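>>> Here's a sequence, model it:
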Amino acid sequence: MATMDIQVPDIGDFDSVGVIELLVSVGDTVRPEQSLITVESDKASMEIPSSHGGVVKEIKVKIGDQVSQGSVVVVLETASELAQASPRPPISMDLKTELPPAQAKFHGVAPNSVAASTGTPTTSIEVRVPDIGDFKDVAVIELLVKPGEGVRLEQSLVTVESDKASMEIPSSGAGVLKELKVKVGDRVNIGDLLAVLEGSSASAPEAPTAPAGPAAPAPVDKTAPASAPALGSPAPTASAPVPAHDPSAPALKAPHASPSVRKFARELGVPLAEVAGSGPKGRITQDDVQAFTKAVMAGTAQTRAIASVAKPAVAGGGDALGLLPWPKVDFAKFGPVERKDLGRIKKISGANLHRNWVLIPHVTNHDDADITELEALRVATNKENEKSGVKVTMLAFLIKACVAALKKFPDFNSSLDGDQLVLKQYFHIGFAADTPNGLVVPVIKNADQKGVLQISQEMGDLAKKARDGKLGPADMTGACFTISSLGGIGGRYFTPIINAPEVAILGVCKSQMEPVWDGQGFVPRLMLPLSLSWDHRVIDGASAARFNAYLGQILSDFRRVLL
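Residues are numbered from 1 along each chain as shown. I've put the predicted structure just below:
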């Protein structure tokens, strides 16, 4: 017996990709082309296959590691004659590489990408809007490709925006873009024609019986019979294909789904761990993700994040609660009126704010913080870093101050889950951003691990994405505490509504100079109004007062964040 290092093959234009899933364990027998790990770049997820067969002796990577071409993934124990044989060339994940039709199909590359080398005639491929859940008349807000460009399988073609989210629509085929059938501002629905590709018309030969490694399955044809295989999948054999890993194994706790399904779930903001799989051995399919999304939209299902703080809505609204019905008034009889639809963001936020205000017992504490020295530090910092282009705002200092307060008072960094309190060990801070379309809440992740300058840079980037309507679900989820700042506008105090499932929110208004008694006389000090709303089911008045007082101490002497 001999040992062999299995390395990451050529995966295209990616310098470093993160390991997100281990598909084998030490002691497993691995076949050639069997998937070993799943990696993820900023553009795609893919599975890395084994170039040889053998028994896994050692796994050289763990979840979270960054790997690149040539990195050793596992060490296999192989037969000596196999080890002496020349290893076959690594599989290239660059979709521009020319492959024979059978190999192209086997690796998830549409046959049209090799038509030039095989002489196969080309044909037109229509790409239509897939099933994206209960969305109708979604608007096209961005075109991501141009006629004449080469398009890969699953490459995004356009960005659309509904009342609830923005998402990119991927291509169900590969080839050269012949014609784009939509323009910015158009509204599309499921089944509408998006684009026409020029691709291969030849049928690829039957795929090998070994399971495909990095293949990215194409979306299933909804019109085909249930027993029909997905386009680009290996032809069915007498026995069902065995997945590359056992989802019931205790070491593999990640949801059992292919990279394309994981990507699809991330685009829709679906928590994959909560989706029941209907495929072999519980594998989650694209249909399962779509069904889960439709159930949540219809109100027949809830994610755990929502269920932890909200009970099912009472049918009938105010009537069922014994309240008077909403008054019906013909406003036009009193004078001229104009009607216009609520904006997308207001429709979404309105329903959430209503739920949070009704279900959470809000209490708000008001206080003032002396930020005279902190403002001087902010001004000096901006002068010193003028060439960097990063402008530090008071909100960046507030985020760091709130992290320190959350560490001292952990109940404020928690969420209710039934009769249990979930105390979070991470510090993701949301901040309300004003946009032309309404208020959104981007999230600074791991704010405790970042300095004020880095936080300012990320806030600027997220605020720009918010103004451009480019924020994705990942940019607006995971917060454990939110800050709503009206400092650039005005006002004195207000009552911010808690952003469930958080248990507190800080509101700040415009700072102003005030005379403050220092024991001998009145001196001018810059005072910042603070308004802290908190959930009385989790937090009591004494804790809230201490939190506000401690926060004020940090803001008046920022050196305290180092303690």
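
>>> Can you get me a residue count around residue 148?
Neighbour count for residue 148, taken as other CB atoms under 10 Å: 9. C-beta coordinates here come from the backbone N, C-alpha and C atoms, glycine included.

>>> for the helix or strand hosting residue 37, packing partners?
Using DSSP states H and E, residue 37 sits in strand 35-40. Counting contacts by 3 or more CB pairs under 8 Å, 6 or more residues apart in numbering; DSSP states H and E, strand 35-40 is packed against strand 17-22, strand 45-49, strand 72-78.

>>> most neighbours per residue, which of the ones you listed?
Of the helices and strands packed on strand 35-40, the one with the most neighbours on average (mean count of other CB atoms under 10 Å) is strand 45-49, at a mean of 24.

>>> Now do the buried residues in stretch 532-551.
Burial within stretch 532-551, assessed by neighbour count using 16 or more other CB atoms under 10 Å, is assigned to 532, 533, 534, 535, 538, 539, 544, 547, 548, 550, 551.

>>> Format those as a markdown table; extra columns: pLDDT.
Formatted as a markdown table, those follow (pLDDT from 0 to 100):
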| residue | pLDDT |
| --- | --- |
| 532 | 97 |
| 533 | 97 |
| 534 | 96 |
| 535 | 96 |
| 538 | 95 |
| 539 | 95 |
| 544 | 95 |
| 547 | 96 |
| 548 | 94 |
| 550 | 95 |
| 551 | 96 |
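
>>> now, the most widely separated pair of those?
Largest separation among those by CB to CB: 535 and 550, giving 18.6 Å.

>>> Show me where the stretch 251-400 of the chain has its strands.
Remark: strands assigned in the stretch 251-400 of the chain by DSSP state E, counting those that start in this stretch are 362-370.

>>> Name the spans of it whose pLDDT lies under the cut-off.
Counting by pLDDT under 70, the stretch 251-400 of the chain contains low-confidence residues at 251-254, 258-260, 280-281, 297-300, 302, 304-322.

>>> so which of the buried residues of stretch 532-551 comes closest to residue 440?
residue 533 (18.9 Å).

>>> I'd like the buried residues of stretch 532-551 as CSV, with distance to residue 147 and secondary structure appended.
Formatted as CSV, these follow (distance: CB to CB, whole Å; DSSP: H, G, I helix; E, B strand; the rest coil):
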residue, distance to residue 147, secondary structure
532, 55, strand
533, 52, strand
534, 56, strand
535, 54, strand
538, 56, coil
539, 58, coil
544, 60, helix
547, 58, helix
548, 59, helix
550, 60, helix
551, 56, helix
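
>>> can you put those in CSV and add distance to residue 520?
Compiled in CSV, the buried residues of stretch 532-551 are given as follows (distance: CB to CB, whole Å):
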residue, distance to residue 520
532, 31
533, 36
534, 36
535, 42
538, 42
539, 37
544, 32
547, 30
548, 27
550, 26
551, 27
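
>>> So for residue 363, which of the helices and strands packed on strand 35-40 sits nearest?
Closest of those to residue 363 is strand 17-22, at 41.3 Å (criterion: CB to CB).

>>> Go ahead and flag the most central residue of the protein.
Centroid-nearest residue in the chain, with CA atoms, centre = their mean: residue 474, separated by 2.7 Å.

>>> For it, give its distance to residue 425.
From residue 474 across to residue 425, the span is 20 Å (CB to CB, to the nearest Å).

>>> again with residue 186
Distance, residue 186 to residue 425, using CB to CB: 46 Å.

>>> what does residue 381 give?
30 Å.

>>> quick revisit: the helices and strands packed on strand 35-40: which one's closest to residue 411?
Of all these, strand 17-22 comes closest under CB to CB, at 32.4 Å.

>>> Identify the residues contacting that closest one?
For strand 17-22, contacts defined as CB atoms under 8 Å, 6 or more residues apart in numbering pick out 11, 36-41, 45, 59, 61-68, 251-252, 254.

>>> what about that strand, average pLDDT?
In this model, strand 17-22 has a mean pLDDT of 83.

>>> was I right about residue 541 contacting residue 532?
No: using CB atoms under 8 Å, residue 541 is not in contact with residue 532, being 11.0 Å away.

>>> any shared contact partners between those two?
Among the neighbours of residue 541, those also in contact with residue 532 (CB under 8 Å, 6+ apart) are residue 365.

>>> now the helices: where do they sit in the stretch 251-400 of the chain?
With DSSP state H, counting those that start in this stretch, the ranges of helices along the stretch 251-400 of the chain come out as 259-268, 286-298, 304-307, 344-359, 372-384, 394-408.

>>> Can you give me the first-to-last residue distance of stretch 24-39?
Start and end residues of stretch 24-39 are separated by 14 Å (CA to CA, to the nearest Å).

>>> Give the buried residues for it.
Neighbour-count burial for stretch 24-39 flags 24, 28, 30, 33, 34, 35, 36, 37, 38, 39 (criterion: 16+ other CB under 10 Å).

>>> cool, and stretch 361-379?
For stretch 361-379, a neighbour-count test (16+ other CB under 10 Å) marks 364, 367, 368, 369, 370, 371, 372, 374, 375, 378 as buried.

>>> Dump that stretch to PDB, restricted to CA.
Extracted in PDB, the C-alpha atoms of stretch 361-379 (Å, rounded to 0.1, in the frame of the first residue of the first chain):
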ATOM      1  CA  PRO A 361     -43.900  45.100  25.200                       C
ATOM      2  CA  HIS A 362     -41.800  48.200  24.500                       C
ATOM      3  CA  VAL A 363     -40.300  50.500  27.100                       C
ATOM      4  CA  THR A 364     -38.100  53.500  26.100                       C
ATOM      5  CA  ASN A 365     -35.400  55.200  28.300                       C
ATOM      6  CA  HIS A 366     -34.100  58.600  27.400                       C
ATOM      7  CA  ASP A 367     -30.700  60.000  28.400                       C
ATOM      8  CA  ASP A 368     -28.000  62.300  27.200                       C
ATOM      9  CA  ALA A 369     -24.300  61.600  26.600                       C
ATOM     10  CA  ASP A 370     -21.500  64.100  26.700                       C
ATOM     11  CA  ILE A 371     -19.600  63.600  23.400                       C
ATOM     12  CA  THR A 372     -17.500  66.800  23.500                       C
ATOM     13  CA  GLU A 373     -14.100  65.000  23.600                       C
ATOM     14  CA  LEU A 374     -15.300  62.300  21.300                       C
ATOM     15  CA  GLU A 375     -16.300  64.800  18.600                       C
ATOM     16  CA  ALA A 376     -12.900  66.400  18.900                       C
ATOM     17  CA  LEU A 377     -11.300  63.000  18.400                       C
ATOM     18  CA  ARG A 378     -13.600  62.300  15.400                       C
ATOM     19  CA  VAL A 379     -12.600  65.600  13.700                       C
END
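
>>> Contacts for that stretch next, please.
Counting by CB under 8 Å, 6+ apart, 392-394, 397, 493, 495-498, 511, 516, 525-537, 541, 544-545, 548-549, 551-552, 555-558 sit against stretch 361-379.

>>> Repeat the analysis, applying 6 Å as the threshold.
392, 397, 493, 495, 525-534, 536, 544, 548, 552, 555-556, 558 (CB atoms under 6 Å, 6 or more residues apart in numbering).
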